[in-house]
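Q: Mind looking at a prediction? Sequence and model below.
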Amino acid sequence: MDHRDDIKKLYRAQGTGDKVYIPAKPKISLNDRNRVFRTCAYCRVSTGSDEQLFSYELQQAHYRQVARERPNWDLRHIYADEGISGTSLKNRAQFNEMIAACERGEYDLIVTKSVSRFARNLIDCVSLIRRLKKLEPPVGVFFETDGLNTLDENSDLMLTFLAKFAEEESVKKREAMIWSLTQRFKDEKALTPPLLGYDRPKDADGRYVKYAPLVINREEAKIVRFIFGAYLSGKSVESIAAFLTDIGCQTKTGSVQWSTGSIRYILSNERYCGDILTWKTFTSDLFDHTHRKNRSDREQWHLKNKHEAIISRKEFELVQVLLQNKKHHIQGSLPGIHVIDEGIFRGFVPINHHWVNEEPGPYFDSSNSVRKKGKQTRIPKKSFSAFDLTGYQVVRNQFTQMRYNGPALTVSKGRMTFNTWCVRKFADVGYIQLLLHASERKLAIRPSSQGATHSIRWRAEDAAGIYSKSLSCPHFGAALFEIMGWDPDYVYKVRGNWMTNGDERIIIFNLCAAVGAVFVEVPLEEGIRKQRAEFFPEEWEGRFGDEFYEHIVENDFYYLLEGDEWKSGKASIPAPGIEQFSTPSEEEVKSLAKELIKEAANTYGGSGGA
């Protein structure tokens with residue numbers, strides 16, 4: 001009881017002293033007539049159309065009227081971004097300038113229509129509002145439509161909700177836009193902005209006709225034809241850009257400065273051959289506005305013959321081959337498709353594994369363009385054995401050699417890899433040729449000189465160690481899979497034959513003996529691991545191998561040639577009967593150049609220099 005009495009005495013003693021009330025400073029009120037707010041306004045429209053720009057003018061007029069109605073708002077500036085999305089702060093110049101002015105202490109208040117006008121990104125919006133509130137003096141943002149003043153202590157929760165709604169609105173709009181574009185592309189309604197050589201048609205009122213095919217601009221088309229012709233004749237993109245700059249020729253935007261990038265853009269643009277490829281790039285991040293090249297991330301449509309072509313499809317495809325060659329440091333002009341017409345490799349086609357062609361037809365046509373000479377020789381069975389081996393099978397080495405030690409090739413749709421055994425056998429070889437006989441379904445490699453048609457770098461002179469050799473071949477790989485009827489989701493492994501005859505040495509791969517494989521996930525104690533599972537062709541079922549005499553003819557015909565000389569190094573020739581493209585001559589390119597010099601002098605007032 002005594003303890004409780006002591007506590008009561010303490011409380012009574014506290015109540016006998018003096019106390020002074022210290023009020024908090026008044027809460028900031030935007031209607032306080034005793035305080036003048038240095039104010040700026042921010043307005044924005046989401047597109048650059050005429051209607052939206054008219055809306056932008058109305059917004060500016062509105063904020064001037066609001067300032068007149070509020071005497072304590074000293075409207076000093078109206079910031080406005082035209083035709084820019086609100087999902088990112090990165091590319092909004094006026095907005096960023098306004099924030100910088102606030103941080104310099106020039107304003108107390110920002111007035112804007114709504115949270116979605118200010119920022120549609122929740123993180124940007126909330127973090128920026130908090131940054132402004134921490135300034136000294138603090139800067140507030142007043143959202144008219146939402147009736148929200150960020151200087152109000154109770155505004156944070158409401159601001160978070162509104163900013164999240166604005167962000168979700170942007171996401172929904174983006175999804176709707178993607179769906180809309182997808183439907184338009186499916187219906188072949190592609191938006192085609194004008195580019196050098198083309199104009200967009202207009203109606204009688206001078207407005208662009210939506211989805212109308214591009215119309216050739218005859219004067220600009222001459223520049224395009226010169227660029228393609230000069231590049232096909234062997235001129236570099238650097239020399240083409242320098243020439244057009246020197247003569248004062250104008251770009252589509254009116255500049256007289258030509259860059260190598262603009263030349264490459266023209267050379268790689270499919271619209272010049274009358275086609276349209278949709279969705280070449282896309283915005284990968286809604287809020288950062290990061291653009292990425294479309295590598296099968298979005299659906300695409302290749303719309304052919306949508307407008308009049310300036311360049312033939314054949315010329316365009318050949319230019320793409322040259323561009324790919326330069327990309328992989330392959331120099332020289334365009335040789336036509338070649339074939340070997342004599343020796344052990346008769347009918348084999350030297351392969352340019354960078355060639356932008358996925359059609360198997362040219363390979364079949366070239367292989368079949370040279371027919372084998374002479375009559376077939378009938379060889380008695382006793383030439384191979386004293387016994388009649390009819391009905392006997394040669395067992396496939398896949399069944400007998402689990403640890404294979406020999407040449408092997410692994411092929412996927414975009415890459416082929418030769419194992420270290422192949423590299424070791426050709427360890428002293430700098431360049432090789434990759435050969436294909438489409439009709440016989442055979443691949444081969446042979447040593448070659450650097451200047452041979454479509455030679456491939458095999459090993460550098462100072463190469464240390466033996467490693468497998470990989471070749472990137474996305475287009476040739478697609479054609480090869482088509483020739484073989486392979487499944488593009490699988491990889492295929494082929495065991496080869498190493499053969500020598502004196503100084504001659506070659507490796508042959510019979511593609512019909514390829515074994516497919518797929519990677520499957522195998523559960524283990526330490527986790528999931530991908531394991532390669534092989535499967536054999538259906539025609540191997542119930543058999544150990546090929547019938548003996550069939551095997552000899554299929555795999556050892558190289559030994560049956562008359563005479564001892566294989567002629568395995570026989571050079572290739574242009575495939576007979578196959579259309580070969582002739583590049584523009586020097587005279588033709590000079591003629592185009594002279595015409596451009598004249599046009600530039602008359603039309604653009606160029607220097608007329610060469």
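A: Perfect, thanks for sending it.
Q: hey, let's count contacts and neighbours off CA atoms from now on
A: OK.
Q: just for the stretch 251-400 of the chain, where's the confidence low?
A: The stretch 251-400 of the chain contains residues with pLDDT under 70 at 278-298, 301, 325-336, 356, 372-387, 389, 391, 393-400.
Q: All the strands of it, in order from the start?
A: Remark: strands assigned in the stretch 251-400 of the chain by DSSP state E, counting those that start in this stretch are 276-277, 281-285, 290-293, 302-303, 338-339, 349-350, 393-395.
Q: before we move on, what about the stretch 51-200 of the chain?
A: Taking DSSP E, counting those that start in this stretch as the criterion, the stretch 51-200 of the chain carries its strands at 73-81, 109-112, 140-143, 148-149, 198-199.
Q: now those in JSON lines, with mean pLDDT, distance to residue 304 and mean neighbour count?
A: Output for the strands of the stretch 51-200 of the chain, formatted as JSON lines (pLDDT from 0 to 100; distance: least, CA to CA, whole Å; neighbours: other CA atoms under 10 Å):
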{"stretch": "strand 73-81", "mean pLDDT": "89", "distance to residue 304": "38", "mean neighbour count": "18"}
{"stretch": "strand 109-112", "mean pLDDT": "92", "distance to residue 304": "47", "mean neighbour count": "24"}
{"stretch": "strand 140-143", "mean pLDDT": "89", "distance to residue 304": "50", "mean neighbour count": "22"}
{"stretch": "strand 148-149", "mean pLDDT": "82", "distance to residue 304": "53", "mean neighbour count": "20"}
{"stretch": "strand 198-199", "mean pLDDT": "90", "distance to residue 304": "17", "mean neighbour count": "22"}
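Q: could I get these as a markdown table with distance to residue 433?
A: Below are the strands of the stretch 51-200 of the chain laid out as a markdown table (distance: least, CA to CA, whole Å):
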| stretch | distance to residue 433 |
| --- | --- |
| strand 73-81 | 59 |
| strand 109-112 | 68 |
| strand 140-143 | 70 |
| strand 148-149 | 73 |
| strand 198-199 | 42 |
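Q: quick one: contacts for residue 428?
A: Residue 428 makes contact with residue 459, according to CA atoms under 8 Å, 6 or more residues apart in numbering.
Q: at 10 Å what do you get?
A: Counting by CA atoms under 10 Å, 6 or more residues apart in numbering, residue 428 makes contact with 447, 458, 459, 460, 461.
Q: Residue 422 versus the fourth one, what's the distance?
A: Applying CA to CA, to the nearest Å, one obtains 15 Å for the distance of residue 460 from residue 422.
Q: neighbour count winner among those two?
A: residue 422 (23 against 12; other CA atoms under 10 Å).
Q: got the contact list for that one?
A: For residue 422, the contact set (CA under 10 Å, 6+ apart) comprises 406-409, 445, 466-469, 496, 498, 506-507.
Q: With residue 221 instead?
A: Residues counted as contacts of residue 221 (CA under 10 Å, 6+ apart) are 196, 197, 198, 227, 272, 309, 310, 311.
Q: so where does residue 588 fall, helix or strand?
A: helix 586-599 (DSSP states H and E).
Q: Quick one: residues contacting the closest residue to residue 461 other than its chain neighbours.
A: In space, and not counting its chain neighbours, residue 461 is closest to residue 430: 6.9 Å by CA to CA, 6 or more residues apart in numbering. By CA under 10 Å, 6+ apart, the contact set of residue 430 is 447, 448, 449, 450, 455, 456, 457, 458, 459, 460, 461.
Q: Burial check on residue 493, number of neighbours?
A: 21.
Q: any idea which helix or strand carries the closest residue in space to it that isn't next to it in sequence?
A: Nearest non-adjacent residue to residue 493, counting by CA to CA, 6+ apart: residue 410, 4.4 Å away. Element membership for residue 410, per DSSP H and E: strand 408-411.
Q: Sheet-wise, list the partners of that strand with their directions.
A: Here strand 408-411 is paired, per DSSP bridges, with strand 415-418 (antiparallel), strand 491-501 (antiparallel).
Q: And the average pLDDT for stretch 35-43 is what?
A: Average pLDDT, stretch 35-43: 91.
Q: Now, the contacts of residue 430 that are in helices?
A: Using DSSP state H, no member of the contacts of residue 430 falls in helices.
Q: Weed out the non-buried ones from those residues.
A: Buried by 16 or more other CA atoms under 10 Å: 447, 448, 455, 456, 457, 458, 459, out of the contacts of residue 430.
Q: re earlier: of the contacts of residue 428, closest to residue 96?
A: For the contacts of residue 428, the residue nearest residue 96 by CA to CA is residue 460; the value is 53.8 Å.
Q: Assess the claim that the closest one and residue 432 are in contact.
A: No. Using CA atoms under 10 Å as the test, residue 460 is too far from residue 432 to be in contact (12.0 Å).
Q: picking that back up, what's in contact with the strand holding residue 410?
A: Under CA under 10 Å, 6+ apart, the answer for strand 408-411 is 416-422, 443, 468-471, 473, 477, 480-481, 490-497, 507-509, 511, 514-516.
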